[in-house]
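Trainee: below are the sequence and a predicted model for it; my questions follow.
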Amino acid sequence: MERKILVTQIDGIVMTFLFEDGKAAEIWAEEGPGSVSIDDIYLGVVKNIVPNLDSAFVEYAPGRSGYFPLKGSRIHFADPSLPDKRRGGLPVQGDTVLVQAAREKQGTKEVLFKGNITLPGRYCVLTEDAGICKVSRKIADPVRRAALKALGGERPEYGWTIRTAAENVPDSEILADIDRTAEEYRRIMNELTTRIPYSCIFRGAPAYRKLAERYCSEPDTEIVSDLKEVISGISVPKARKRLYEDAGYPLEKLYSLREALKEALGRTVRLKSGAYIVIDCTEAMTVVDVNTGKSAGRGAKDENFLKVNREAGREVLRQIRLRNLAGIIIVDFINQKDKAGMDELLTYLKELSKADPVQVTVVDFTPLGLVEITRKKIRMPLREQLQG
């Protein structure tokens with residue numbers, strides 16, 4: 001698959017576009033000053049405790065707080081003497097603690113914090129579960145899996161998850177990345193007792209760097225940007241990157257980026273067959289309606305409906321990823337009376353959903369004949385990113 005990661009500035013916002021085989025697959029808007037992104041680590045101040053929920057609200061900036069579940073969470077106090085003074089080792093109002101963003105603010109829901117710190121490297125993710133090493137499920141070769149697990153075992157003071165990108169990388173490079181990530185963790189813990197409250201001790205990588213680390217080990221991936229700081233900020237080995245310098249014909253026009261953005265924000269998406277889908281987002285869920293429109297086909301009606309539903313299903317999953325929709329997603333496909341055709345559609349959707357890097361579950365048909373899909377909530381939807 002040919003991939004292009006395109007980074008440019010549109011209306012003052014740094015935008016990252018991932019194209020796969022010529023079609024937009026993901027769009028990200030970089031966060032503005034004061035916003036919280038995934039993996040950011042803060043020295044927060046406990047605003048209040050909610051005992052019946054085993055949780056707390058932690059301020060990461062004056063007047064801005066996030067939700068922090070306490071049950072099963074590690075508590076890193078800025079004052080090293082506090083764990084012995086607190087009942088059950090739990091914080092009280094006013095304590096300064098280390099928290100990491102696990103989910104961005106979405107709609108009316110505040111930032112979700114966690115206390116179990118994880119640090120992403122290029123080929124690994126550090127965890128605080130000492131001595132436990134896991135390997136990405138996408139690495140299928142049992143011999144390579146065993147070798148990578150043993151590699152993580154060489155640094156038993158931390159836990160490690162070896163990422164898919166490590167599969168064909170020399171062990172020496174993976175170990176070097178593990179050591180870099182461990183050194184960064186030690187830096188954070190050293191600063192825990194010296195920094196003032198509300199400090200951001202660690203910033204998660206921008207979208208273009210995350211995409212580069214995810215895909216740039218593949219030969220058919222290229223990064224193109226007209227921003228020098230973006231190109232110089234990507235240090236992935238063997239990455240194909242190019243600085244676009246044609247001021248007479250901007251990057252956004254060359255790849256029709258505004259059109260791709262407009263499509264990703266539109267309510268209606270037209271299909272080649274003449275059918276179309278309508279996407280409506282609410283606070284509780286996303287609802288997608290599939291309409292036959294002007295589509296026409298020869299043969300039995302159910303066969304035609306299945307063909308249109310397969311086309312629509314492929315586009316629905318693309319739009320879910322493109323718009324970064326999450327939570328509960330209900331899809332009203334064209335009604336099929338043939339159960340075999342319904343089962344075929346469901347199997348097709350489950351297979352396609354594996355291409356999404358975020359966890360997607362195609363649940364089943366509901367009693368009303370609607371398809372229920374869930375997608376893990378991590379970053380805010382594209383529309384909310386642009387709204388700031």
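Mentor: Received the coordinates, thanks. Residues are numbered from 1 along each chain as shown.
Trainee: which residues of the stretch 201-350 of the chain fall in strands?
Mentor: 221-225, 240-243, 268-270, 276-281, 286-291, 327-332 (DSSP state E, counting those that start in this stretch).
Trainee: let me have those in JSON lines, adding distance to Lys307 as columns.
Mentor: Just so you know, the C-beta spots here come from the backbone N, C-alpha and C atoms, and that holds for glycine as well. Converted to JSON lines, the strands of the stretch 201-350 of the chain look like this (distance: least, CB to CB, whole Å):
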{"stretch": "strand 221-225", "distance to Lys307": "32"}
{"stretch": "strand 240-243", "distance to Lys307": "38"}
{"stretch": "strand 268-270", "distance to Lys307": "16"}
{"stretch": "strand 276-281", "distance to Lys307": "15"}
{"stretch": "strand 286-291", "distance to Lys307": "12"}
{"stretch": "strand 327-332", "distance to Lys307": "16"}
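Trainee: highest average neighbour count across the ones you listed?
Mentor: Across the strands of the stretch 201-350 of the chain, averaging neighbours per residue (mean count of other CB atoms under 10 Å) puts strand 221-225 on top, at a mean of 22.
Trainee: against which helices or strands is that strand packed?
Mentor: Contacts defined by 3 or more CB pairs under 8 Å, 6 or more residues apart in numbering; DSSP states H and E place strand 221-225 against strand 3-10, helix 207-215, helix 228-232, strand 240-243.
Trainee: what do you get if the cut-off is 10 Å, keeping everything else the same?
Mentor: Under the contact definition 3 or more CB pairs under 10 Å, 6 or more residues apart in numbering; DSSP states H and E, strand 221-225 sits against strand 3-10, strand 13-20, helix 207-215, helix 228-232, strand 240-243, helix 251-254.
Trainee: and the strands of the stretch 201-350 of the chain as CSV, adding mean pLDDT and distance to Arg145?
Mentor: Shown next, in CSV, are those (pLDDT from 0 to 100; distance: least, CB to CB, whole Å):
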stretch, mean pLDDT, distance to Arg145
strand 221-225, 93, 24
strand 240-243, 91, 28
strand 268-270, 94, 39
strand 276-281, 94, 39
strand 286-291, 95, 36
strand 327-332, 96, 32
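Trainee: and the nearest residue to Gln385 once chain neighbours are set aside, what pLDDT?
Mentor: Nearest non-adjacent residue to Gln385, counting by CB to CB, 6 or more residues apart in numbering: Ala29, 4.1 Å away. Ala29 carries a pLDDT value of 90.
Trainee: now swap in the one 10 residues further on and tell me
Mentor: Asp39 carries a pLDDT score of 91 in this model.
Trainee: now do the SS call for it.
Mentor: Three-state assignment for Asp39 (DSSP: H, G, I helix; E, B strand; the rest coil): coil.
Trainee: residues near it, how many?
Mentor: Residues within reach of Asp39, counting by other CB atoms under 10 Å, total 18.
Trainee: what is the burial count for the residue nearest to it when sequence neighbours are not counted?
Mentor: Among residues not flanking Asp39 along the chain, Gly204 sits closest, at 3.2 Å (CB to CB, 6+ apart). Gly204 has 19 neighbours, counted by other CB under 10 Å.
Trainee: list the contacts of Gly204.
Mentor: 31, 36-41, 100-101, 104, 119-120, 210 (CB atoms under 10 Å, 6 or more residues apart in numbering).
Trainee: Ala166 - how many residues pack around it?
Mentor: Neighbouring residues of Ala166 were enumerated by other CB under 10 Å; the total is 25.
Trainee: and it, how far is that from Leu345?
Mentor: Taking CB to CB, to the nearest Å as the measure, Ala166 falls 36 Å from Leu345.
Trainee: mind giving me the domain ranges of the protein?
Mentor: With domains defined by automatic domain parsing, the chain comprises 3-30+219-257, 41-117, 119-191, 266-387.
Trainee: just to revisit the earlier point, can you check the pLDDT for the residue nearest to Asp39?
Mentor: For Gly204, pLDDT reads 86.
Trainee: how far away is it from Leu119?
Mentor: 10 Å.
Trainee: next one: Val125
Mentor: 7 Å.
Trainee: then Val269?
Mentor: Distance of Val269 to Leu119, given as CB to CB: 38 Å.
Trainee: same question for Glu303.
Mentor: According to CB to CB, Glu303 and Leu119 sit 52 Å apart.
Trainee: for the two, indicate the residue with more neighbours.
Mentor: Taking neighbours as other CB under 10 Å, Glu303 and Leu119 compare with Leu119 leading, 21 against 14.
Trainee: ok, back up a step: nearest to Leu251 among the strands of the stretch 201-350 of the chain would be which one?
Mentor: Closest to Leu251 of those, according to CB to CB: strand 221-225, at 6.9 Å.
Trainee: next, the angle from that closest one to strand 3-10.
Mentor: Here strand 221-225 runs at an angle of 10 degrees relative to strand 3-10 (axes from the mean of the first three to the mean of the last three CA atoms, to 10 degrees).
Trainee: could you export strand 221-225 as CSV, CA atoms only?
Mentor: Output of strand 221-225 as CSV, limited to C-alpha atoms (Å, rounded to 0.1, in the frame of the first residue of the first chain):
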residue,chain,number,x,y,z
THR,A,221,5.6,5.6,2.8
GLU,A,222,6.7,9.1,2.2
ILE,A,223,6.5,12.3,4.3
VAL,A,224,6.0,15.5,2.5
SER,A,225,5.8,18.9,4.2
